[in-house]
Structure formats: structure tokens, C-alpha cells
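Student: Requesting a structural model of the entry that follows:
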Amino acid sequence: MKKLILIHGLIILFLNAFPVFFLDKVEFDNSIRSYAPKESTHFKDYKKYRELFGSDQVLVGMFRFETKLKHEDLKKRLSRFAQFSVEARKLKGVSRVFSLFDQDYIEQRDETIFIAPIVPIEKINSYSVEQILERMSSSDTARDLLVSTDLSEISIAIEPETHLNTYEKRELYLDFQELVKKYDFGSDLHALVGPMAVDVHSFETSFFDLLKFVPFTLGAGYLLMWFSFSSLGVLVVAMSLIAGVSSFSMGLFALFGLPFTIISSIVPTLLMSLSIAFFIHYFNMDRYLSRDKLYQDKKLRQKAVVSYLRIPCFFTAITTVAGLLTLALNEIPPIRIFGIITALCTFIILGLTLYTLPVLMQLFGPNQWKEESKIFKTFGELIDSIAKHAIDHPKKTVAIWALLLVIGIPFIFNIKVESNLLRFFKEDHIINKQTELYQNKFSGTAVVEMIFHSEEGELLTGETLSELYRFENDIVQMYEEVDKSLSPAHFIRDMHKAFTGKKELPLNSSLIDQYLFIYDGNDLTRFLDEDHAQYRIIFNVNKHNVSELEQLIEAMKKRALKISPKLRYDFSGQGYVFVKQNDLLVIGQTKSLWVSALVIFLLLLIQWRNLKDTVVSFVPNVLPLCFIFITMGVFGIWLDMGTAMIASVAIGIAVDDTIHIFSTFKNYLKKYDSAKAMKLTIQKTGRAVGATTIILCAQFLILSFSSFVPTKNFGLLTSLGLLVALFADVHLLPAMVVLTYKDSK
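Tutor: Next comes the predicted model:
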């Protein structure tokens, strides 16, 4: 016995200490690269164009610019902003800075084209204020990007190095804010927005939710377990095992170099809930057998508990794992990782329940269990009453459930597959307020880009350049969601204007080549590669819903059909990648649902070896999914990254209680008629099922207090699914078995 205690004690120690050796290797990365399948064409293109043209994950600061200041004060203010821009370039992780003090301004001097920043730092004092303001307002490339049309606001943007993960971006984000404080621009900074800001806020909200809700979730679980079983030994055992499983899961992320994302933050909470579900069934059976004189010896009782629970727990684990592993069919990496890690840890929970828990219960478990608390006793009596109603009125019960389903199913068709990172936050969240403020003054922060290329080397002829510029302008003028565009044509046009005074594009291909040859600025490299084989157009979009972006992209594709067939193009940019991710989300969700339902059905068939038993026990597990989707349709909750996992998680957990109830019913059916067998079943297992559901719902409901919408929806909908599963198990299932097995014994 001492040897067994030592072995299992070391197992618990290993599980809890496992992540300590790897925590410094955990990569917190919520950026787009963590969500895109690495082998997908759209991500390969995205990565290729980021390496070629730089990151599109910019951080943009919008600052007040007071043009009504006295000339000397205005120049001093400009000098401070200029110095701020210079220091921003030196921040760790910055690739380049975009500001009035960096953006190219093309003009003619002494019959040559001269390129300098819009506001050259060294000439602020030598230029008049009128000259500076004229340069700011006349620059087409800067307007609505670096300076507002009314000159009341300017922006300074930093582009991070492409290799930075979210944690490193957050460090850069904080460094930028410190620089703002250093220059006393705090009151002038009206907004801090852009894809990088959204990434950082997502990380902070989800990560701090993890730090905040894990203790609360654990506390709620332990408190309710104490009310249910009132045993300090049981609580200590449960705490050590639950903490071990959650800690081990965190270590797996570090061990295998898996990025920790907003989806990953739900893993510990889910594993705590699964652990508690398994342990409660064990503790309940231990308490039930302790009332029998044959099992007063704790060692003998633990063997009996394991003997009774081995098969139900095994199939409970298998069906849960099946539901979770279907998420591995999803091509979106964080969802796939979520499914695999939680499935692996479910097997660990099974092993702890059947092998470690019996040893610890011999040592720490009570000889005589106390009566359950009044709360759980009352809830148990309620469950008995609900089951009795179903047993006494089986036809009416089945009819009520069928009617609810018929009424609710049409709402399922209202569900939208949608994603909008800004909608992951509450409407009054600072990132939403500031993004709206910025877009009112400048252009949209969403980016869709097109990269054109031609195998025949005719990309920058006068004719082709005019065609591409016309296409670009048509998109801006035809679609109100597109605020602005930038491309090589803008720079070539500005050079032609500086050289000839004409505002249109040059049609002479040789002249275009000359312009490109003499161009010695920096900005054109963001839009044209060295070989002039890749021509990039950036569209700034003020809409962030993926469905709206998808409609825009489809419209752009149709418009592109009018362009010469010699030209080929790729879409890229964060907006396009999110559209492709949405497509994968739909495909993955469909696969997961059908496969999880099929696999669980087959596992139930293997367990019961009877088609009738399988169908009867399977139906109550489909209903929670239906009611989750009905609720989403009624309240307009999107199917997105946060809610895509709920169905597989819910069906995986819901089937657990069904197996415990139905396996007990099958044993009683050997001796009694179906009605009495079910009554005895509910008396024996109903309270454990009810206690499990109360604790799990309480834990998941804690997540509903999150300010991060995906976490909030996950908590609410999972709680709803578990609650429906409970009522299906203690109301619909008893009615179905009474009707189905009325002549059996």
C-alpha cells in the first residue's frame, strides 16, 4: 500500500510540476499566423507578401494637431512630433515608421525630381508654416492616412517586424505608450488602433481572463463539491488531481511549441469541469456503497466502486474524446490543437479516476459519508419529481420535447457564420471607441490588398499602368466601404506631375522606366518589388465583418475580369485571410458535427450492442446541440472562432451522464419493469448527474462574466447545453425508455 501511495503521489507531483520546466517556452501568439493553416495557399501567399512588402499588422497613433497655434509654437510642436517619430524607429521590434516625417514627398527642383519627407525634420525651421501645411494637405499619399483632411489630426504608425508574436507586440505596444508619455503627448493621443492594437487587446483580455477565471472556476467547483460531499479529504484529493490535469495541459503547449491563443485559454476551465464530472460520479458511488454493510471496509469499497464504474467511465471518456477529437478535423490550428490537447488530457482524467483516485480515497476518503447539503438534497428531490412526471406521463413528455424542437428549429437557419475581431469586445471597449473615432477622421483600419503580376513583363507599360490605376479608382469610387487606396501608380503619377506639371499618369513606357530609375525614396518598395514583377494595391476598408469583406472581394474579382487577361493577381492582407478562415470554419464545423455524432453513435452501439438501446441513449445527446443552435439563432450569436467548438464540447460532455444513467438502467432492467428500473436508476445516479451539472454550469457561467465576447458566449452556451442535457437525461430519457421497454424485464 505504501508503495502504491508513493507511486501515485509522484504522479500527482509530476502533473503539477510538469509545466514549471517549460513555462518560459510558452509562446503567447494570437496573431493571424497562429490561426491560418500553414500549408494553405492563402497563408503561403500572405507570408510571401509579408516578407516582400512588410507586415500589415501596424499600430497607428492618432494625435491632435493644432493648426491654429502661433507659428513658432506650431513649429515647436512639429519638432517634438518629428523627434518622437525618430525615437519610435529605435523601439525594439520596429521595422519602419510611417509619419509626415518619413513619407516621401515628390517635387521638382532645378529641373530634377527631388524626393524628401513631407515635413523634413532638418527644414522645419527654414520652411514657413504655410509651406508645411501646403505640403501636408497636397500629398495624396498622406491624406486620410497620415493627416486628416481638415488637418486637425495627424497619425504616426509603426510597422512591427514580421517575426514578432503577440507577447512581443504587446511589449512594443507598451513601449510606444511610454514614448507617448515621455513626450507628454498623452492628452493629444486620441486613438491607438490598427490590427496590432486589436491583437494586443485580444491577448490581454483572454490571458487576463485566464488568470482571473481559473481561480474563480476552481473555487466554485471546490465550494460546490464541499456542499455536496462535506469531506475535507475528498476536497484535498480532488484539488490535487484537478490542478494536476490543468497544469499538465499548460505544459503540453510549451513542450510541443504550440502557440497559446484566445481559444487555448478555455482549455484549463474545460479540463477542470471534465475532471469534476468524473470525480463526482466516483464520490457519489463511494457514498452510495458506504451505506451497504458489505462495503464498510474502505479498501473493499474502492474496489467495488472501480468495478462498477470501469465500463461506464471508459465509454464516457471514449465518447468525450471522440467529440473533442472531431475538432482535429478543423483546419484552423488553434481549434485543432484545442481538440487534441483536451482529448489527451481526458484520457489522463480517466486514468486518475480509475487508478489514482481509489488509492487516495483509501487514505483520505471518509469511513462514513455525511449527508449531502440541503441545496443538493432539494435539487435531488426536484430531479426525482421531474423523472417521476416523465415516467408517469411518457407520451405527453415526448410530445412536449418534440413540440419545443419543432418550434425552435427554424431559428437555427438564422445563424450567421461571421467574424469580426472588433466584435470580440464589448461596444464600449476602448478599441471599438477609438477605431470608430479614427475611421471618422482617417481611412478604415481593415486592409485588403491585391498583388498583380505578369509573366510577359508588361506590368509597368503606360497602357497596363493606366488600366490598373483605373481599376483601383473604380473600386474606391464604387464601394463606400473602401476609403482609400495606394499603389505604385500614385508615386509614378506624382513624379510625372513634378516633372511636367501634368496630373495624369504618363503613357510613355520609357518615361515610366526613367522615373523608376531615378526614384531614390523608400515608400515605393512597399508596393513594388525590385524586379518590378509584383505590383501591390492596398485598399483601406472601414467594414470589419467577414461577410462584408467577402462581398467586397467578390465584387473586386468581377471588376478585375475587365482587366487585361495578361495580368494575374492574388488577394492578400488580413481582411482576405479572415475571409478564407471563415470558409474553413464552416467546413470544419460541418465535419465536426457530423463526424462527432456518427462516432458517438457507433461507440454507443459498441457499448450496448443493440440498435434500439443505441438510438434511445443517443437522442437525448442531440437535443442539447439543437437548443444551443436555436439559442444562437434567436439571440443573433455568430458562429465564429469562439463558438465553433461548443457543439463538439457539449455533445462530448452531455453523453457522459447519459451513459451513467443508461448503464444503471440496463442493470436494473434485468430485475424490474422499465418504470421501476428507471425510478431506481434516478434514485441511484440522478443526484450525481444533477450535482455534476450544477457544478459544471456554475463553472462555465463564471466565464459569462468575461468582457471578451468569445469567452462569454462559450460559457453561456456550454452552460445552456449542459442544462438541457440534464433535463433530457432525467425527463426525456425516462419517458423514452418507459415507452420503448414497457414489455421488457
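Student: Going along the chain, name the helices of the stretch 201-350 of the chain.
Tutor: Using DSSP state H, counting those that start in this stretch, the helices found in the stretch 201-350 of the chain span residues 232-255, 267-290, 298-325, 333-351.
Student: Out of the ones you listed, which is closest to Val619?
Tutor: helix 298-325 (14.6 Å; Cβ to Cβ). From N, CA and C alone the C-beta is placed, and that goes for glycine too.
Student: Any idea how far that closest one is from the middle of the chain?
Tutor: Averaging C-alpha positions (Cα atoms, centre = their mean, to the nearest Å) puts helix 298-325 32 Å from its chain's average.
Student: ok, now stretch 210-230?
Tutor: The chain centre lies 25 Å from the centre of stretch 210-230; the measure is Cα atoms, centre = their mean.
Student: Mind listing what's buried along it?
Tutor: Neighbour-count burial for stretch 210-230, counted by 16 or more other Cβ atoms under 10 Å, picks out 210, 213-214, 217-218, 220-222, 224-225, 227-229.
Student: In PDB, list the C-alpha atoms belonging to it.
Tutor: Only the C-alpha atoms of stretch 210-230 are listed here, as PDB (Å, rounded to 0.1, in the frame of the first residue of the first chain):
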ATOM      1  CA  LEU A 210      -7.400  33.000 -17.700                       C
ATOM      2  CA  LEU A 211      -5.600  34.400 -14.700                       C
ATOM      3  CA  LYS A 212      -8.900  35.800 -13.300                       C
ATOM      4  CA  PHE A 213     -11.300  33.000 -14.000                       C
ATOM      5  CA  VAL A 214      -9.300  29.900 -13.300                       C
ATOM      6  CA  PRO A 215      -9.200  30.600  -9.600                       C
ATOM      7  CA  PHE A 216     -12.900  31.500  -9.600                       C
ATOM      8  CA  THR A 217     -13.700  28.400 -11.600                       C
ATOM      9  CA  LEU A 218     -11.700  26.200  -9.300                       C
ATOM     10  CA  GLY A 219     -13.200  27.900  -6.200                       C
ATOM     11  CA  ALA A 220     -16.700  27.500  -7.400                       C
ATOM     12  CA  GLY A 221     -16.100  23.800  -8.200                       C
ATOM     13  CA  TYR A 222     -14.500  23.200  -4.800                       C
ATOM     14  CA  LEU A 223     -17.200  25.100  -2.900                       C
ATOM     15  CA  LEU A 224     -20.000  23.200  -4.500                       C
ATOM     16  CA  MET A 225     -18.200  19.900  -4.000                       C
ATOM     17  CA  TRP A 226     -17.800  20.700  -0.400                       C
ATOM     18  CA  PHE A 227     -21.600  21.400  -0.200                       C
ATOM     19  CA  SER A 228     -22.200  18.100  -1.900                       C
ATOM     20  CA  PHE A 229     -19.900  15.800  -0.100                       C
ATOM     21  CA  SER A 230     -18.800  17.800   3.100                       C
END
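Student: pLDDT averaged over it - what is it?
Tutor: When pLDDT is averaged over stretch 210-230, the result is 79.
Student: What of stretch 540-553?
Tutor: The average of the pLDDT scores along stretch 540-553 is 93.
Student: So for that stretch, what gets flagged as buried?
Tutor: For stretch 540-553, the neighbour count (16+ other Cβ under 10 Å) marks 540-550, 552-553 as buried.
Student: cool, and stretch 331-350?
Tutor: Going by neighbour count (16+ other Cβ under 10 Å), the buried part of stretch 331-350 is 331-343, 345-346, 348-350.
Student: again with stretch 733-745
Tutor: Using 16+ other Cβ under 10 Å as the test for burial, stretch 733-745 gives Leu733, Pro734, Ala735, Met736, Val737, Val738, Tyr741.
Student: ok, Ala650 touching Ser719?
Tutor: No: if you go by Cβ atoms under 8 Å, Ala650 and Ser719 don't touch, sitting 9.9 Å apart.
Student: of the helices of the stretch 201-350 of the chain, which approaches Ala728 most closely?
Tutor: helix 298-325 (15.3 Å).
Student: Can you check what angle separates that closest one from helix 267-290?
Tutor: Angle, helix 298-325 to helix 267-290, by axes from the mean of the first three to the mean of the last three Cα atoms, to 10 degrees: 150 degrees.
Student: Next, the angle helix 333-351 makes with helix 298-325.
Tutor: Interaxial angle of helix 298-325 relative to helix 333-351 (the same axes, to 10 degrees): 160 degrees.
Student: so who does the closest residue to Leu584 other than its chain neighbours touch?
Tutor: Using Cβ to Cβ, 6 or more residues apart in numbering and skipping the chain neighbours, the partner closest in space to Leu584 is Glu331 (4.7 Å). Applying Cβ atoms under 8 Å, 6 or more residues apart in numbering to Glu331 gives the contacts Pro37, Ser40, Leu584, Ile587, Gly588.
Student: Then Tyr741?
Tutor: Shown in contact with Tyr741 (Cβ under 8 Å, 6+ apart): Leu669, Ser674, Ala677.
Student: and what of Ala698?
Tutor: Going by Cβ under 8 Å, 6+ apart, Ala698 touches Ala220, Gly221, Leu224.
Student: Check the secondary structure at it for me.
Tutor: The local conformation at Ala698, judged by DSSP: H, G, I helix; E, B strand; the rest coil, is helix.
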